[in-house]
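[1] Pasting a predicted model and its sequence here:
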Amino acid sequence: MKIEGSSTIPVSREKVWALLLDPAVIQRTVPGCEELKPEGEGVFRAKVRAGIATIRGNVEGEIRLENVRAPEHYRMVFSGKGMGSFLNGHADMDLGESAGATEVRYSGEVSVGGMIAAVGNRMIELAARKAIGDFFERIKQEAAAP
């Protein structure tokens, strides 16, 4: 499944970059994220409470940051298991500046298998889009905080 889109955050690119790479901020802003622990340079262990339809539980996995070019680009590569399912994928994050705001463009691919895959791609895509939208709304709130 491919996911892409963008979000405009009304602060400088440097501030958005710092927010997107701060594990404490990411833990607060990713829906269902219960834990995000650094495990080395650009590597994190994550535990996320998630669910689609009647399938609910924890997903645990690894996130790696690659191709980091501050403050404009990074690739996030992730894999996880839980709820009788697995997911693997990547997302490219590109930050551009315009009139004191930052446009974050994202694009990536996710593969899902197991019980979650049984609910169907359309439902998975809707859930992913909602989670991404919630994430960016929370990032905007973090950016507005003093």
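    Perfect, thanks for sending it.
[2] Name the residues of the helix or strand encompassing Lys47 that come out as buried.
    Element membership for Lys47 (DSSP states H and E) is strand 43-52. For strand 43-52, the neighbour count (16 or more other Cβ atoms under 10 Å) marks Phe44, Ala46, Lys47, Val48, Ala50, Ile52 as buried. Where you see a C-beta, it was placed from the backbone N, CA and C, and this is true even at glycine.
[3] and of those residues, the nearest to Tyr74?
    Phe44 (12.6 Å; Cβ to Cβ).
[4] What sits closest to that closest one if chain neighbours are left out?
    Leaving aside its sequence neighbours, Phe44 sits nearest to Ile63 (Cβ to Cβ, 6 or more residues apart in numbering; 4.5 Å).
[5] Could you do His90 as well?
    Val77 (4.7 Å).
[6] can you check Arg138 too?
    Counting by Cβ to Cβ, 6+ apart, Arg138 lies nearest to Thr29, which is 3.8 Å off, once chain neighbours are set aside.
[7] show me what contacts the one you found?
    Phe135, Arg138, Ile139, Glu142 (Cβ atoms under 8 Å, 6 or more residues apart in numbering).
[8] now the residues you listed in a markdown table, with neighbour count and pLDDT?
    Shown next, in a markdown table, are the contacts of Thr29 (neighbours: other Cβ atoms under 10 Å; pLDDT from 0 to 100):
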| residue | neighbour count | pLDDT |
| --- | --- | --- |
| Phe135 | 18 | 98 |
| Arg138 | 17 | 98 |
| Ile139 | 22 | 98 |
| Glu142 | 20 | 97 |
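[9] All set, thanks.
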